[in-house]
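> model the following, please.
(chains A and B)
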Amino acid sequence: MEAILFYLLAAVTLVGTLCAITARQAVRAIVYLVTSFFALALIFYLLGAPLVAAFEVIIYAGAIMVLFLFVIMMLDLGHPEKMQAPRLADWWPALLIMLVITGSVAVLAVARQPQAPGGFTGISVRQFSRALFQQYGAAVEIISMQLLFALVGALYLGRRR
Amino acid sequence: MSIPLFHVLILAGILFALGLGCTVAWRANVIMMLIGIEIMLNAVMLVFVGASAQWGAADGQIFSLMLMALTSAEVSLALAMVVYLHRRKQSVNTDDFDSMKG
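Next up is the predicted model:
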């Protein structure tokens, strides 16, 4: 049951991302990407990470994508004639990279049999937060300082001169 | 949990390839390049969460949370930069910013 759901969600994620990177307009790309991130959040939930799934929906699909949408609307970039779509000559290096990576993944997939997963049921919020604030307290402090620096930098870049 | 780690890794690899392809193909547009970077970082988060599920430890999930904080900081700075560049030259095309005059 879980495995079938995982493969369905993986297909939704891949198709959504593929539509996003080939979309002609930035707004459509963002909406496809939100779909793909919702499917990815469900995959995180299936992998036993309910907190990461919730943060994926709240921060990625909720905050970051809306920030992108906000900037696109504010700078009025929604018109397709303003966005130069890549020509075929722009696509072939990207296609080459994608082919090399997917080909190597396929070679690995053929060569190795998947091992049976262990009996894992998921990590509760209690376990997660205990590890986060006891074992990785210094990392939390460093990340908070990084967010502060990003805030100061964004304020500096956005001021009127 | 009945999903093998190997299939999660395959999905993450293909997602990463798609993000890299997006960044390379749309190299004339800053916003689509940023979207490609988002896709790549999501693939990395998927690897961390899958590994955390395989070995039953919380560390992978914690690092995916750190990655999320890093991404939000990066996106806020990058979009502030996009607004700044658009205010200077009325464009988000990278070819318009090829001079290094300060």
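> touching, B:Ser64 and B:Ala43? I think so.
No - between B:Ser64 and B:Ala43 there is no contact under CB atoms under 8 Å: 11.2 Å. Every residue, glycine included, has its C-beta placed from N, CA and C.
> of those two, who's got more company?
Ranked by neighbour count (other CB atoms under 10 Å in any protein chain shown), B:Ser64 and B:Ala43 place B:Ser64 first, with 26 against 23.
> so who does the more buried one touch?
Listed by CB atoms under 8 Å, 6 or more residues apart in numbering or on different chains, the contact set of B:Ser64 reads A:Ala49, A:Val52, B:Met45, B:Phe48, B:Val49, B:Ser52.
> looking at the residues you listed, which is nearest A:Thr121?
Taking CB to CB as the measure, A:Thr121 lies nearest A:Ala49 of the contacts of B:Ser64, at 11.8 Å.
> which ones are touching the closest one?
A:Gly122, A:Ile123, B:Val49, B:Ser52, B:Ala53, B:Gln61, B:Ser64.
> same thing with A:Leu151?
So A:Leu151 contacts B:Ser76 (CB under 8 Å, 6+ apart).
> wasn't it part of a helix?
Yes - under DSSP: H, G, I helix; E, B strand; the rest coil, A:Leu151 falls within a helix.
> CA atoms of stretch A:10-20 as CSV?
C-alpha atoms of stretch A:10-20 as CSV (Å, rounded to 0.1, in the frame of the first residue of the first chain):
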residue,chain,number,x,y,z
ALA,A,10,7.0,10.1,-7.2
ALA,A,11,5.3,10.2,-10.7
VAL,A,12,3.4,13.3,-9.7
THR,A,13,6.6,14.9,-8.4
LEU,A,14,8.5,14.2,-11.6
VAL,A,15,5.7,15.2,-13.9
GLY,A,16,5.1,18.4,-12.0
THR,A,17,8.8,19.3,-12.0
LEU,A,18,9.1,18.5,-15.7
CYS,A,19,6.1,20.8,-16.5
ALA,A,20,7.6,23.5,-14.3
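> and it, which residues are buried?
Across stretch A:10-20, burial judged by 16 or more other CB atoms under 10 Å in any protein chain shown covers A:Ala10, A:Val12, A:Thr13, A:Leu14, A:Gly16, A:Thr17, A:Leu18, A:Cys19, A:Ala20.
> from those, which are also near chain B?
Under the cut-off given by CB under 8 Å from any CB of the partner chain, chain B has A:Ala10, A:Thr13, A:Leu14, A:Thr17, A:Leu18, A:Ala20 from the buried residues of stretch A:10-20 close to it.
> excluding chain neighbours, what is closest to the third one?
Read it as A:Leu14. B:Ile14 (6.3 Å; CB to CB, 6 or more residues apart in numbering or on different chains).
> list the contacts of the one you found.
Taking CB under 8 Å, 6+ apart, we find B:Ile14 in contact with A:Leu14, A:Ile101, A:Thr102, A:Val105.
> which pLDDT does the model give it?
You'll see B:Ile14 listed with a pLDDT of 92.
> need the longest helix for chain A.
With DSSP state H setting the assignment, residue counts place helix A:88-111 as the longest helix in chain A.
> list the helices and strands the helix or strand just after it packs on?
As assigned by DSSP states H and E, the chain's next helix or strand after helix A:88-111 is helix A:125-130. Contact partners of helix A:125-130 among helices and strands, from 3 or more CB pairs under 8 Å, 6 or more residues apart in numbering or on different chains; DSSP states H and E: helix A:50-55.
> hmm, who's touching the helix it packs on?
Outside helix A:50-55, the residues touching it (CB under 8 Å, 6+ apart) are A:41-42, A:44-45, A:122, A:125, A:128, B:45, B:49, B:61, B:64-65, B:68.
> filter the residues you listed down to the buried ones, PyMOL style.
Selection command for PyMOL covering only the buried members of the contacts of helix A:50-55, criterion 16+ other CB under 10 Å:
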select buried, (chain A and resi 41+42+44+45+122+128) or (chain B and resi 45+49+61+64+65+68)
